[in-house]
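1. fold the following and give me the result.
(one chain, ligands or ions: 1)
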Amino acid sequence: MPSHTMELPRLIVVGENNIKDFGEFLFSLNKPKKISLISGIHVKKIIKKKIERSLKLKKIKFTWHISKDNQISTLSQIQKDIKKDHSDLLAGIGGGRSVDTAKMVSFNLDIPFVSVPTAASHDGMASPFVSIKSDKPHSLVATAPLGVFVDINVIKKAPSKLLASGCGDLIANIIAVKDWQLGHKKTGEYYGMYSADLALLSAKIIMENSRKYSKEGLDARVIVEALISAGVASCIAGSSRPCSGAEHLFSHALDKIAPGKGLHGEKCGIGSIMMAKLQGQDWKKIVKTLNEVGAPTTAKQIGVKESEIIEALMMAQELRPERYTILKEIEMTEQRAINLAKRTKVI
Ligand SMILES: [Zn+2]
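-> Here you go, the predicted structure:
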């Protein structure tokens with residue numbers, strides 16, 4: 001058997017009202033003298049003061065960089081600017097894009113980075129994968145964060161649809177793991193039982209608690225911990241396999257066909273409903289869970305046309321031919337795609 005590498009975050013802090021301890025966290029991680037901070041304009045306005053105060057307390061110098069989109073040109077510019085900073089550490093502070101940017105720059109410049117998520121809409125906060133717009137339609141492997149720092153009070157201030165989207169990204173693991181098992185059986189590819197089970201566990205937590213969430217609201221802390229744990233599962237697997245199967249390919253196809261419509265986790269949730277049906281899993285339970293957490297279950301809810309769903313179903317597997325999923329077992333004709341989307345009430 002070939003050797004297997006696991007790159008993991010070293011320090012993960014999940015707290016409440018703890019953004020003031022950010023400097024302390026960095027200090028315990030690698031005693032940086034200077035840090036480059038990457039965030040969006042909005043995020044910077046909200047937590048800038050608190051972050052700066054805590055960095056000054058630890059005498060850590062800092063420079064801010066604004067990530068305005070996920071285009072490769074923006075990324076290259078930020079990378080050039082950061083190179084001039086001569087920092088010992090990078091921090092990606094934001095909902096997804098800033099963390100992704102930090103991840104990619106960290107990988108390219110070989111400087112460690114920390115992830116500071118301000119929303120919990122997907123499982124990228126602790127994983128080594130990035131979704132930067134490139135010639136590849138799916139996520140790219142970069143580097144795992146050295147540390148993850150979460151203030152639950154910041155996460156709670158973000159719109160609840162973001163947390164619901166995070167639940168969709170977690171439910172996707174049920175499909176992804178089944179696809180991974182199928183791939184292992186059909187192609188002999190590596191399958192890591194431990195990382196597969198860990199990814200399933202984070203989906204299970206949502207499946208088991210969704211009823212409660214529908215009455216009492218989403219539990220940000222539990223969802224954040226599940227998302228971190230899913231990211232760690234990917235680190236252990238050494239690939240996105242435990243968290244990304246046919247439902248993610250469907251979501252990536254929609255990114256191409258209907259750009260800007262629906263959040264990543266929302267699209268993965270809807271994809272999970274249909275792929276569960278193909279895999280012979282309990283798709284109705286997935287619909288029920290998504291409903292209970294307040295995540296969309298239909299094309300209409302995310303503003304996507306019926307024809308776009310059909311096209312995405314037919315395109316999905318082509319986007320990543322080497323990744324064996326349930327879609328390899330079926331010839332997804334137009335009629336099959338229509339039937340599938342209709343029977344599961346996605347359209
Ligand atoms: Zn995802």
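
2. mind giving me the domain ranges of this protein?
-> 11-157, 160-343 (automatic domain parsing).

3. up against the ion, what does this protein have?
-> 122, 169 (CB under 5 Å from the ion). In this view, the C-beta of every residue, glycine as well, is placed from N, C-alpha and C.

4. hmm, 6 Å instead?
-> Contact residues (CB under 6 Å from the ion) of the chain with the ion: 122-123, 169, 244, 248, 264, 268.

5. for these, give me TSV that also has pLDDT, neighbour count and secondary structure.
-> Formatted as TSV, these follow (pLDDT from 0 to 100; neighbours: other CB atoms under 10 Å; DSSP: H, G, I helix; E, B strand; the rest coil):
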residue	pLDDT	neighbour count	secondary structure
His122	92	30	coil
Asp123	92	30	helix
Asp169	97	34	helix
Ser244	96	30	coil
His248	96	29	helix
His264	94	24	helix
Cys268	97	33	helix
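
6. Throw those residues into TSV and include distance to Ala220, thanks.
-> Formatted as TSV, the residues of the chain next to the ion follow (distance: CB to CB, whole Å):
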residue	distance to Ala220
His122	14
Asp123	15
Asp169	15
Ser244	23
His248	24
His264	18
Cys268	19
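
7. for Trp283, state which of the residues you listed is nearest.
-> Nearest to Trp283 among the residues of the chain next to the ion: Cys268, at 14.1 Å, using CB to CB.

8. for the residue of the stretch 101-250 of the chain found nearest the ion, which residues are in contact?
-> Going by CB to the ion, the ion is nearest to Asp169 of the stretch 101-250 of the chain, at 4.3 Å. By CB atoms under 8 Å, 6 or more residues apart in numbering, the residues touching Asp169 are 121-123, 227, 230, 243, 264-265, 268-269.

9. with adjacent residues omitted, what lies nearest to it?
-> Gly265 (3.7 Å; CB to CB, 6 or more residues apart in numbering).

10. the one you found against Ala120, yeah?
-> No - between Gly265 and Ala120 there is no contact under CB atoms under 8 Å: 9.3 Å.

11. next, the residue nearest to Asp169: secondary structure please.
-> Under DSSP: H, G, I helix; E, B strand; the rest coil, the three-state class of Gly265 is helix.

12. gap between it and Ser240?
-> Counting by CB to CB, to the nearest Å, the gap from Gly265 to Ser240 is 14 Å.

13. circling back: and Gly265 and Ala120? Which one has more around it.
-> Per other CB atoms under 10 Å, whichever of Gly265 and Ala120 has more neighbours is Ala120, with 32 against 29.
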